[in-house]
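> Pasting a predicted model and its sequence here:
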Amino acid sequence: MTVTGVVKELKPGIERQKYPTLQDVEVCVYEHPQTPCVKTSSAGTYSMCGVPANSELLLSFKKDGYAQALRMLSTRQEDYAILAETVLGSIDYGVSQLKHFDYTAADVSGGAIQFFAANPANGVLQVATLEGYTAKLENVDGTQAICAIKGGTSACRPVYLDDTGTADPTLTKSSHWGVGAFGNVPAGKYVLRITHPTLVCNQHLPESGWKAKDADSVLVESVTDWITAQTGVFCQEPDNGSDAGSAAGADAGAN
């Protein structure tokens, strides 16, 4: 299978569609040396052949001076295998965010899971536009995920970007940027749940996480020293006559 995409540079405080493209980013299938790695072109694009089909994979993105990121990809037969866009943040920007997760760059005992939610009406490429949702990270058995902090452990807590594009640990739900992250997550697989008070967040994106048992969640993986980036779902209006919207609102209140 062939996977194609484009890599852009995160610019804090700038709308995503204005991010510049990044050249010479190394793109690989993580821990799968049988598939040759490629580098992005001057336009930031790449095309990788020989990607395993009918699989759940991690693609890795590395470039000197930028935080290394993983992208989750499903190449199951019912899914497509074309990545729209991957974004890399600078090392300096990444380190500035780490303080909100109670660790420093020299004190990392896990990975980070970045998440988003979007409304399909906004278009596939405008993925950071849904305001007012909440995110929760669970173990695969449904219990609360526990993250490492300095001096101990605590329930994994989301940190959302505020309206300026800066991580704000005081926020309890997403801003208009629609992006957040869990930090210092021990290596392993988890379930990400995203809930919105009026929309139903149950549309899985094959390039943004693996299918979980429940339709309203995504199976995600944390890898130590890596950012598992752009994991998320689309949220839509509930069907007429469905009580899914009210259930979603109740769940949001519970969170």
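All right, it came through fine.

> what bridges to Leu70?
Ser60, Thr228 (DSSP bridges).

> List the contacts of it.
Tyr30, Leu58, Leu59, Ser60, Phe61, Glu221, Val223, Trp226, Ile227, Thr228, Ala229 (C-beta atoms under 8 Å, 6 or more residues apart in numbering). Just so you know, the C-beta spots here come from the backbone N, C-alpha and C atoms, and that holds for glycine as well.

> cutoff 10 Å now
30, 57-61, 86, 111-114, 220-223, 226-231 (C-beta atoms under 10 Å, 6 or more residues apart in numbering).

> so where is the stretch 51-200 of the chain shaky, pLDDT-wise?
77-84, 92-109, 121-128, 151 (pLDDT under 70).

> What segments of it are strands?
56-62, 69-74, 86-88, 111-118, 134-138, 146-149, 152-155, 158-161, 167-168, 179-185, 188-195, 200-204 (DSSP state E, counting those that start in this stretch).

> got those as a markdown table, with distance to Met1 columns?
Putting the strands of the stretch 51-200 of the chain into a markdown table (distance: least, C-beta to C-beta, whole Å) gives the following:
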| stretch | distance to Met1 |
| --- | --- |
| strand 56-62 | 10 |
| strand 69-74 | 10 |
| strand 86-88 | 17 |
| strand 111-118 | 25 |
| strand 134-138 | 30 |
| strand 146-149 | 34 |
| strand 152-155 | 38 |
| strand 158-161 | 33 |
| strand 167-168 | 35 |
| strand 179-185 | 28 |
| strand 188-195 | 23 |
| strand 200-204 | 18 |
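
> Lys18: which of those is closest?
Within the strands of the stretch 51-200 of the chain, the stretch nearest Lys18 is strand 86-88; the backing value is 11.8 Å (C-beta to C-beta).

> ok, the closest one: who's next to it in the sheet?
Going by DSSP bridges, the partners of strand 86-88 are strand 3-9 (parallel).

> List of residues touching stretch 33-48?
1-9, 19-29, 49-52, 57, 59-63, 81-83, 85-86.

> that older thread, which among the strands of the stretch 51-200 of the chain is found nearest to Gln236?
Of all the strands of the stretch 51-200 of the chain, strand 200-204 comes closest under C-beta to C-beta, at 5.8 Å.

> picking that back up, filter the contacts of stretch 33-48 down to the buried ones.
Buried subset of those (neighbour count, 16 or more other C-beta atoms under 10 Å): 1, 3, 5-9, 19, 21-22, 25, 27-29, 51, 57, 59-63, 81, 83, 85-86.

> hang on, the earlier thing: closest one to Asp216 among the strands of the stretch 51-200 of the chain?
Nearest of those (C-beta to C-beta): strand 200-204, 4.4 Å.

> From the chain's centroid, how far away is the closest one?
A distance of 15 Å separates the centroid of the chain from that of strand 200-204, by C-alpha atoms, centre = their mean, to the nearest Å.
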